[in-house]
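# just need the structure, nothing else, for what follows:
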Amino acid sequence: MEQNREINEQELENVVGGAYGPGGRGPSAPNPGPVAPVSASSAPYSAPNTSPDGFRWATVGNVTNYLALRSQATYADSNDIAKLMKGTQFEVKPSKTQGSYVWARYNGIEGWVNSQYVIYG
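So this is what the prediction gives:
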């Protein structure tokens with residue numbers, strides 16, 4: 001037991017401040033050689049899962065009947081241009097909103113959906 005304790009303390013020293021510590025590579029790790037510097041990309045940042053045109057995937061959340069894709073960002077049956085059922089995947093453009101509505105695209109049709117029922121992912 002005492003021998004195990006000595007070995008463990010020696011290994012702990014290697015990990016914390018010795019061979020495995022800052023700058024250490026351990027006893028058997030090869031020298032990686034020169035490493036190329038990392039530079040910032042000139043490409044603009046886009047949020048994860050966002051396409052170049054600003055759309056990202058979303059899913060219809062908890063709706064009673066359907067989520068209406070609307071021609072205008074207002075609640076009216078006459079504005080319905082498509083009906084998206086719960087669990088349907090579609091695209092949204094989070095940068096384009098109007099009140100509680102966000103711009104969306106489903107099967108090539110674009111319009112407004114109520115963002116309250118959108119699950120981003």
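# ok, now how distant is Phe55 from Tyr75?
Here the distance between Phe55 and Tyr75 works out to 23 Å (Cβ to Cβ, to the nearest Å). Backbone N, C-alpha and C define where each C-beta goes, glycine included.
# now swap in Asp53 and tell me
Distance from Asp53 to Tyr75, by Cβ to Cβ: 27 Å.
# which residues of the protein fall in strands?
With DSSP state E as the criterion, the chain has strands at 56-60, 67-70, 80-84, 89-98, 101-106, 109-114, 118-120.
# okay if I get those as JSON lines plus mean neighbour count and mean pLDDT?
Below are the strands of the chain laid out as JSON lines (neighbours: other Cβ atoms under 10 Å; pLDDT from 0 to 100):
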{"stretch": "strand 56-60", "mean neighbour count": "19", "mean pLDDT": "96"}
{"stretch": "strand 67-70", "mean neighbour count": "22", "mean pLDDT": "98"}
{"stretch": "strand 80-84", "mean neighbour count": "16", "mean pLDDT": "97"}
{"stretch": "strand 89-98", "mean neighbour count": "16", "mean pLDDT": "96"}
{"stretch": "strand 101-106", "mean neighbour count": "21", "mean pLDDT": "97"}
{"stretch": "strand 109-114", "mean neighbour count": "19", "mean pLDDT": "98"}
{"stretch": "strand 118-120", "mean neighbour count": "15", "mean pLDDT": "94"}
